[in-house]
Each structure stands twice: as C-alpha cells, then as structure tokens.
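1. the following block contains a protein sequence and its predicted model.
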Amino acid sequence: MGFSVTTLIFAVIGIVASLCTRICFNRGPSANLFHLTLVLTATTCCWMMWAIVYLAQMKPLIVPILSEGE
Amino acid sequence: MVNEGRFLPTMDLLRSEPMQLVQLIIPIESAHRSISYLGDLGLIQFKDLNADKSPFQRTYASQIKRCGEMARRLRLFKEQMTKAGVSPSTWSTRDNHFDLEHLEVKLEELEAELLEINANNEKLQHTYNELLEYKLVLEKVGEFFSSAKNKAVAQQKELEFQTTVEGSIDSPLLLEQEETTTKQIKLRFISGLVHREKSIPFERIIFRATRGNVFLKQAVIQHPVLDPLSGEKVHKNVFVVFYSGERVKSKILKICDAFGANRYPFSDDLSKQFQTIREVSGRLSELKTTIDAGLIHRSTLLQTIGYHYEQWSLQLKKEKSIYHTLNMLSINVTKKCLLAEGWCPVFATSQIHKVLERATMDCSSQVGAIFQVLETKESPPTYFSTNKFTSSFQEIVDAYGIAKYQEANPGVYTIVTFPFLFAVMFGDWGHGICLLLAALYLIIREKKFASQKLGDIMEMAFGGRYIIMLMALFSIYTGLIYNEFFSVPFELFGPSAYGCRDSSCRDASTTGFIKVRSTYPFGVDPKWHGTRSELPFLNSLKMKMSILLGVSQMNLGIIMSYFNAKYFENNINIWYQFVPQIIFLNSLFGYLSLLIIIKWSTGSQADLYHVMIYMFLSPTDDLGENQLFVGQKLLQLVLLLLALVAVPWMLVPKPFLLKKQHQERHQGQSYDLLYGTDDPLESESQSIPHDEFDFSEVFVHQLIHTIEFVLGAVSNTASYLRLWALSLAHSELSSVFYDKVLLLAWGYNSTIVLIVGIFVFICATVGVLLLMESLSAFLHALRLHWVEYQNKFYEGDGYKFFPFSFTLLTDEDEL
C-alpha cells in the first residue's frame, strides 16, 4: 500500500511540475516538448531511485545487527 | 526535409537544425561590407572555393599582408606599453569606425613617433651617462692631484731641513733638485674609468707593456655606474696613468681600447678643473630635464595608444578574418562579382537576406547581392541551437563525437541522466548542499565572471556551473534516499521500521533487530547505520540498483536507435537491428532485472547468480530452491531461445537485404528509395555512381557490429556496477572522516583538540570528498554516457557547424 501511494504522489508531482514548467517557460511547441521531456525524465529517475530502495527494504533477508560493545 | 513533422512532432535539441547549402553572388564594391555584416550575424559557414590556390595566389593576399604589418605594429605597442607599465584600457566607449586605410596611416604615424622618441631618449641617455662618468673622473682625479700636491709640499720642507743641517754639501742637492724639476715638466697623464673586474689585469698589462715606466693609480667608485654603451649598471674604477713619451702614450691608448676603458680629458690647472666641473654639472641638469620631458612625452603617447589598443586589436582581427573569408570566394572572370558558397541554418534565410540588403544600401551599390539555395548530396554540418544552460551538456556529447546531420541527439536525455548518475555515486545531502552553494555562487556572479579572464580550472567550473547545480540538486535527493548527511543518518520521514525483540534489547547484538513497523517510507532505514550487517545489506542493494539503472539506460539507448531509423525511414535498421537488439538485451538482462524485482517483492532467498548461470548451462533442469515463480523454467527456455535467435537475426539478413536493395537500385527499379534513405553505406554508394557493392565488406562490418553488441551487452551491464563501487567508496570515506576525526576529537573534552579536529574534518571533506570524489564521479558518469549509453545508437561521425563569426574570435587569438 505504501508503494502505490508514494508512486501516485510521484506521478502527481510529475504532472504538477510539467504544468508549472509549461506555464512558466512557454516558448513554442518545440521547446515545450523539450521541457516536458526533461521533467518526465527527471521524475522517472527520481521515482526509480526511490522505488528501488523501498522495494529492497520491503522484505529484507537480513536485519540490522548491532556491533558488540554498543 | 520533406518527411520532417510527418511522423513525430519536432523537439528542441533532439535533431540538429535543418541546414541548406546556399550560394551568394556579391558585387565587388559591396563584398567587404557584406562579409562584415555576415560576420556580425555569425550564421554562415563558408566553403573554401579556392582550396587549390596557395595563400599568395589569393585575391586579397596583399590586404592580409598589410593586416600582418599592422599586427606587428600593435605587438610593438603592446611590448612598449608593458615595459612602461601602461596597461591598455579595458573600456572602449568610442564607436567611431576606422577603415583600414585610416587605421594603417594612424598606426604608421604612431610607430614612427614612438621610434623617434625612443631613439632620442636613448641618445640623450647615452650622453647623460657619459657626462656622469666624466664628472666622476673629475672628482676622483682631482683628489689624486690634491693629495700629490700636499705630499710635494711636505717633501720640500723636509729637504730644507736637511740643507740647514748639512751645509757643506749644498751644491750636490741643488743639482738634484734642478734635475727633478726638469723631469716633472715633461710628464703627461691619461684619465678615465675601467670595469672593476678588469682593473687588475688592466694595471698588470700596462705595467708590462711599458716596462714599469708608468705610474698608475686607481680609486673605487662606491655605487654602480650606468655604462654609456650597454646602458647597464656596472661597478667601475677611476684610473689615472702618468707616462712620458709618445710611444708609451700610443701603447696605453691601445690597452685602454682593448679593455673598454672610457677616457676623459683632464686639466691639471686647478681653476680649469673647477670650471669644467661646473660646466658638466650644468649640462647634466639640462639633460636630466630633457630626458624627463622625453619620458613624460613617451608615457603620454603610450597611454593614448592604450586607450585605443583594444579597439584597434579587435577591429584588426575582424578585418583579417574578413579578408581570409573573402579569399575563400571565387572571383568572377569579369572581376565584378564574387561567388560564395556555404552552409547556413534554414531559419537564418530571412536574416541573411536583410543583412545583404543592408550592405547593398550602405555601399550605394547599383546591383544587389544574389542569394539562392543549392541542391546537394553532401552531408550538411551539424548545428544545435543551445542556450547557456544546455550548451555545457551538449559539450559533453560533442566531446565524444559530433552528431551526424539530424541524428538523434543524446544531449536531450543527458541533461537529466548525467547529473542523476553522478548523484547515484556521490549521494550525500550534506555534500550536495555544499556543491549547490558553490554552483549558486558561480550562477549569481554570472555576469561578472563572464566578462573576466579566469584560470583554466575556474574557467571549466564556470562553464559547467549549470551541470554542477543539477549534480548538486540530484545529490541532495539521492543523499536523502541514502539517508546520509555527512554520513550521519536521520529519521526525517518517520520512525525506523526496526525495533528490539523485547524490552531488554539483549538480542540486538546477536540476532539483531526485527521489523516491527511498515517499511521506512523514504530511503534507507536509519537503523542500518553502524551495524555489522550494514555493508552486506548496502552492497546487495546498490549492486542490484546498478543493474536496474544500467539496463534502463541501455534500453533507452536502443529505443533512440529506433527513432533514428524511423526518422531516416530505414526499415532495415528497424526490423533487423532494433528489434533483435531489444529482444536480446531484455531476454537476458531485462529478465535479470525482473528477477531482482520479484525477489525483493516476495522476499525469496533464491540465488540469482545460480539462476542466470544454470539458465545457460542446464536450462532443462529443475530450479529447486531457486525457483521464484510458477512457470519460471518454461519462461527461461523461451527467453533463451529468443536470445539465441536474435543473434543471427541481427547478423544475417541486413547484408543480403542491402545487396538486394543495391541491385534493385542498379537496375533502376526502385528510384523512390534514393531520396528517403540516408544510411551511411548507401550514401557512399550514391556519391560514386558506379561503385561496386562489396558484399564481403558489408558482411564483415555487420559481423563486427553484432559481436560488439552481444559482448557489449555483458560487459556494459557489468560496467554499470561502478555506480555501486563509487557510491560505496564515497560513503565509507565520509564515515571514516566523521568517526575517526570529528567524533575522536570530540571525545577528548578539549577545546583545542576539538578545534583542530573540526579543521581537519573540514579540510578532508572539501579536499577529498567535494573535489576529488566529485571529479571521480563526474568522470565515471561521463564514461557511462559515452560508452554504455551512446554506443547503442549514436554514430557521431558528423562535423560541427563552424560559422564565420566575429564573436568566435577569442582573446587568445594571436594578432
């Protein structure tokens, strides 16, 4: 459930960022498509990074073990 | 191109600008003005139509020679200004435009004046130095004669005393006195200065040459003397030589010349001595005044030159480049028109028209320039319109190779993926903040730094300031994911998911914590830090992360090759390159990525290495405990078969289809393909009408390409593991500095030790982590883009559009 919700949050952030970029840097369809590509690529990269770490910790095979003496 | 926009909407930076080969016919009278305005515009790359001519055969060779002469004069001015300590003025408020003739006359006049002033100053200085030496001689030799006179007086008194005592021998003494007086009347002397280091051999040789029949006396001058000949400060001695006879005199004169000793006349008359000293002093004062006036005049002239120097230099560079460009043009047989050919972007057509019309009007030319577009089979140069943000990323791509004309540009995705991959290796949000502050400093002071000359390293940092900013922002993000702030974790997004088994926490160091809550929502759980199992966990996580990111980027690269094939309407490359490549990569490494995700989702303990190895070694055996999902064995068999089929698929059909295509074109049965296909092999065959299709060569080329892709899929996937290695190195170094420097210093409970510890920590963090580590991560991200990503689709065998532009004349350009 946490995975789906956060993925949805990333999607919303991506959409909002695309709209903001479109509004603030509107310079013709060619440039707008370029900006959209950049925003979507950045959002995808960030989501992938988060998702990888989250998935790795969902069902870990090992747990934290404190060093002796602590 | 006709097909542009038919399939895909256009996007900035994805394709290079549409280019066209244009021809200009310019009347002679407006040619110079036209080229000048085109240089201001900076959007035409001229072709050299006189490549077969030597530089001296070209039309404007004499003008270029004159420019060279003017450049020599400007270099002379620069040298003189440097000597005089005058710096050229950086501000140039004047807008008046000298033409070449006026500038030439002006520079000639200034050079003559400067040379005259220098010659006069040199002459005056020479005379001044001589008089200075003369004055020294007068003073020192005067001292000689005074002391000699005093001695003579003392001697005379002594003689009188003896006469009184011994009256009986008056006659012999008187005779001796008479003889001495006679000799003294005949003695003469030569006076001057000689170098101190030569004074002893000078004295010795004079003594030998005259067999000891001279009297020589020297005196040291305390301060160095300016030598009239060399103009340098030299230590010298004043000398005076007493001699008798003309033959001895000539010998002494020769020896003085040989030793470079300067001689000066001296009168033994006391009143004349004083008069001469007074005259020399007066002349010295006059000369000093004259020399000072000359120096002031020279300084004023150089300052005047300095005000205009930068403007003149720039204008001369422009003129020189204009004439070099005019030399590329072909002159009409009637000597009335110049013919020019060059490349320009399609969007620049109207601008060029306006510029040519303006040149025609400004010159009051009767005939306007003619501008027309030519059809050509040549491959145009590559030109990307970039801004200050995108240009540095484009430089990263161009350093690998210039895109072929209208080839898909990897720079589009590099803008995001390059700083992102850097951040994967560099991730620490404390270090990211430091990097961001440095980048913002460069960006905020943009205008100041842009107009300033920076050092090599600073120039690179300033040029890449937007790259650094993005790298910093992504580093802050990945630092939050890794949960490291100068290697210290925080519970920013909620409590840790791990807790103790019971309230006593005795098992924490034996069997460890257990997961008591839902997964930590953002990034690495802070409980891992400092534990014994931290490294195994992070290594496993980051290795798998590297595989996933690597396979994603490689797939993106192959998809880009599809867009290239689509754009150039190359169906062969779609069906017999793109499709089998996608199948091969994803049958093996895409499947590995899928297994990684399944393993994480299900918590399986399967060993993925064994799964992949035995997928090849024994694909029909049971998986046993390494099975992750139902039907895995069958799926692996299918994927293995697909991979095996994909290899001959991308090897065999393409050469045969190219051969068939060539035969059809040769028979004239498929003329439609001529204008749509832009495959490099076919382009080559088109340019040579009767070229033979070498099947074996094409086949070998395809064989090499196929082997490269298949082996590259393995090695490139392994290459992405550097993301894990660099990230691990960065994290461990940061931990060491924090634990062994800062915490250790804190433990001593001493303010001085703590201050030293903080200082060492700061130096280590900045020097090692922020500078060396960031450079290392930068280089590895660069390699991943150049090799692992771009070799999937990028040919990069184009050439860059290099327009004739005055703004490209840099300050380093030697005049």
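-> Nice, I can see it.
2. contacts, neighbours, all on C-alpha from now
-> Noted.
3. what are the contacting residues of stretch A:28-43?
-> A:10-11, A:13-14, A:17-18, A:21-22, A:25-26, B:9-13, B:412-413, B:415-417 (CA atoms under 8 Å, 6 or more residues apart in numbering or on different chains).
4. got it, and stretch B:224-240?
-> Stretch B:224-240 has contacts (CA under 8 Å, 6+ apart) with B:125-127, B:129-130, B:133, B:136-137, B:140-141, B:189-196, B:199, B:216-223.
5. residue 24 - how many residues pack around it?
-> Looking at chain A here, since you left the chain open. 9 (other CA atoms under 10 Å in any protein chain shown).
6. chain B was what I was after
-> Around B:Leu24 there are 18 other residues, counting by other CA under 10 Å.
7. so it touches B:Ala369, yeah?
-> Yes - at 6.8 Å, B:Leu24 counts as touching B:Ala369 under the criterion of CA atoms under 8 Å.
8. from the chain's centre, how far out does stretch B:348-368 sit?
-> Computed by CA atoms, centre = their mean, to the nearest Å, the chain-centroid distance of stretch B:348-368 equals 38 Å.
9. report the buried residues of that stretch.
-> For stretch B:348-368, the neighbour count (16 or more other CA atoms under 10 Å in any protein chain shown) marks B:349, B:352, B:355-356, B:358-360, B:368 as buried.
10. of the contacts of stretch A:28-43, buried ones?
-> A:10-11, A:14, A:17-18, A:22, B:10-13, B:412-413, B:415-417.
11. which two of those residues have the greatest separation?
-> Farthest pair in the buried ones among the contacts of stretch A:28-43 (CA to CA) is A:Phe10 and B:Thr10. Separation: 27.3 Å.
12. quick one: pLDDT of residue 19?
-> Since you didn't name a chain, this refers to chain A. At A:Leu19, the pLDDT value in this model is 94.
13. not quite, I wanted chain B
-> At B:Met19, pLDDT is 92.
14. correct me, but it touches B:Phe384?
-> No - at 10.7 Å, B:Met19 does not count as touching B:Phe384 under the criterion of CA under 8 Å.
15. wait, a helix at B:Arg263?
-> No - with DSSP: H, G, I helix; E, B strand; the rest coil as the criterion, B:Arg263 is assigned strand and is not in a helix.
16. next up, the contacts around it.
-> Applying CA under 8 Å, 6+ apart, the residues contacting B:Arg263 are B:190-193, B:256.
17. by neighbours, which of these wins?
-> Within these, most neighbours by other CA under 10 Å means B:Leu193, with 27 neighbours.
18. continuing past the strand or helix carrying that one, what's the next helix or strand?
-> Using DSSP states H and E, B:Leu193 sits in strand B:188-195. Per DSSP H and E, the first helix or strand lying C-terminal to strand B:188-195 is helix B:196-209.
19. which other helices and strands contact that following helix?
-> strand B:236-243, helix B:246-258 (3 or more CA pairs under 8 Å, 6 or more residues apart in numbering or on different chains; DSSP states H and E).
20. list the buried residues in the shortest one.
-> Within strand B:236-243, the residues that qualify as buried are B:236-241, B:243, counting by 16+ other CA under 10 Å.
21. same check on stretch B:702-714?
-> Buried residues in stretch B:702-714, counted by 16+ other CA under 10 Å: B:702-703, B:706, B:709-710, B:712-713.
22. with stretch B:651-664 instead?
-> For stretch B:651-664, by 16+ other CA under 10 Å, it's B:651, B:653-655, B:658, B:661-662.
23. need those residues in JSON lines with distance to chain A, can you?
-> What follows is the buried residues of stretch B:651-664, written out as JSON lines (distance: CA to the nearest CA, whole Å):
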{"residue": "B:Leu651", "distance to chain A": "33"}
{"residue": "B:Pro653", "distance to chain A": "35"}
{"residue": "B:Lys654", "distance to chain A": "33"}
{"residue": "B:Pro655", "distance to chain A": "36"}
{"residue": "B:Leu658", "distance to chain A": "35"}
{"residue": "B:Gln661", "distance to chain A": "35"}
{"residue": "B:His662", "distance to chain A": "37"}
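24. biggest separation within those, which pair?
-> B:Leu651 and B:His662 (18.2 Å).
25. from B:His529, how far out is B:Val346?
-> In this structure, B:Val346 and B:His529 are 59 Å apart, going by CA to CA, to the nearest Å.
26. tell me which of the two has more neighbours.
-> B:His529 (21 against 14).
27. for that one, what are its contacts?
-> By CA under 8 Å, 6+ apart, the contact list for B:His529 reads B:Pro489.
28. I'd say B:Thr382 and B:Ile402 touch.
-> Yes - assessed by CA under 8 Å, B:Thr382 is found in contact with B:Ile402 at 7.3 Å.
29. what do the two both touch?
-> Counting by CA under 8 Å, 6+ apart, the contacts common to B:Thr382 and B:Ile402 are B:798-800.
30. distance to B:Glu341 and neighbour count added to those, as a markdown table?
-> Converted to a markdown table, those look like this (distance: CA to CA, whole Å; neighbours: other CA atoms under 10 Å in any protein chain shown):
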| residue | distance to B:Glu341 | neighbour count |
| --- | --- | --- |
| B:Gly798 | 19 | 17 |
| B:Tyr799 | 17 | 17 |
| B:Lys800 | 17 | 17 |
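31. got JSON lines for those, with distance to B:Cys67, pLDDT and secondary structure too?
-> Converted to JSON lines, the shared contacts of B:Thr382 and B:Ile402 look like this (distance: CA to CA, whole Å; pLDDT from 0 to 100; DSSP: H, G, I helix; E, B strand; the rest coil):
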{"residue": "B:Gly798", "distance to B:Cys67": "34", "pLDDT": "90", "secondary structure": "coil"}
{"residue": "B:Tyr799", "distance to B:Cys67": "30", "pLDDT": "92", "secondary structure": "coil"}
{"residue": "B:Lys800", "distance to B:Cys67": "29", "pLDDT": "91", "secondary structure": "strand"}
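32. redo those as a markdown table? Include distance to B:Glu79.
-> Converted to a markdown table, these look like this (distance: CA to CA, whole Å):
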| residue | distance to B:Glu79 |
| --- | --- |
| B:Gly798 | 43 |
| B:Tyr799 | 39 |
| B:Lys800 | 37 |
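33. go through the residues you listed and name the one nearest B:Ala472.
-> The shortest approach to B:Ala472 among the shared contacts of B:Thr382 and B:Ile402 belongs to B:Lys800, at 30.6 Å (CA to CA).
34. burial check on B:Phe145, number of neighbours?
-> By other CA under 10 Å, neighbour count at B:Phe145 equals 13.
35. host element of it?
-> If you go by DSSP H and E, B:Phe145 is part of helix B:100-165.
36. helices or strands up against that helix?
-> Judged by 3+ CA pairs under 8 Å, 6+ apart, the packing partners of helix B:100-165 are helix B:61-84, strand B:188-195, strand B:236-243, helix B:270-328.
37. what's the angle from it to strand B:236-243?
-> Relative orientation of helix B:100-165 and strand B:236-243, computed by axes from the mean of the first three to the mean of the last three CA atoms, to 10 degrees: 50 degrees.
38. how far does helix B:100-165 sit from its chain's centre?
-> That offset, for helix B:100-165, works out to 53 Å (CA atoms, centre = their mean).
39. list the contacts of A:Leu66.
-> Residues near A:Leu66 by CA under 8 Å, 6+ apart: B:508-510, B:512, B:530-533.
40. what about chain A: which of those residues touch it?
-> Within the set of the contacts of A:Leu66, contact with chain A (CA under 8 Å from any CA of the partner chain) is found for B:508-510, B:512, B:530-533.
41. could you list the low-confidence segments of chain B?
-> Scanning chain B for pLDDT under 70 picks out the ranges B:1-8, B:89-98, B:162-186, B:668-692, B:810-815.
42. can you give me the strands for it?
-> B:19-27, B:45-46, B:188-195, B:215-220, B:225-226, B:233-234, B:236-243, B:262-264, B:330-331, B:337-345, B:370-374, B:498-499, B:514-515 (DSSP state E).
43. now whichever strand or helix holds A:Ala17 - C-alpha only, CSV.
-> Here A:Ala17, judged by DSSP H and E, is contained in helix A:2-24. Backbone C-alpha positions of helix A:2-24 (Å, rounded to 0.1, in the frame of the first residue of the first chain) are rendered in CSV as follows:
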residue,chain,number,x,y,z
GLY,A,2,2.8,2.4,0.8
PHE,A,3,4.4,1.7,-2.5
SER,A,4,1.3,2.5,-4.5
VAL,A,5,0.5,5.7,-2.6
THR,A,6,4.0,7.1,-2.9
THR,A,7,4.1,6.2,-6.6
LEU,A,8,0.9,8.1,-7.0
ILE,A,9,2.5,11.0,-5.2
PHE,A,10,5.4,10.9,-7.6
ALA,A,11,3.0,10.9,-10.5
VAL,A,12,1.2,13.9,-9.2
ILE,A,13,4.4,15.7,-8.6
GLY,A,14,5.4,15.0,-12.1
ILE,A,15,2.2,16.3,-13.5
VAL,A,16,2.3,19.4,-11.4
ALA,A,17,5.9,20.1,-12.4
SER,A,18,5.0,19.6,-16.1
LEU,A,19,2.2,22.1,-15.8
CYS,A,20,4.3,24.6,-13.9
THR,A,21,7.1,24.3,-16.5
ARG,A,22,4.5,24.8,-19.2
ILE,A,23,3.1,27.9,-17.6
CYS,A,24,6.4,29.5,-16.6
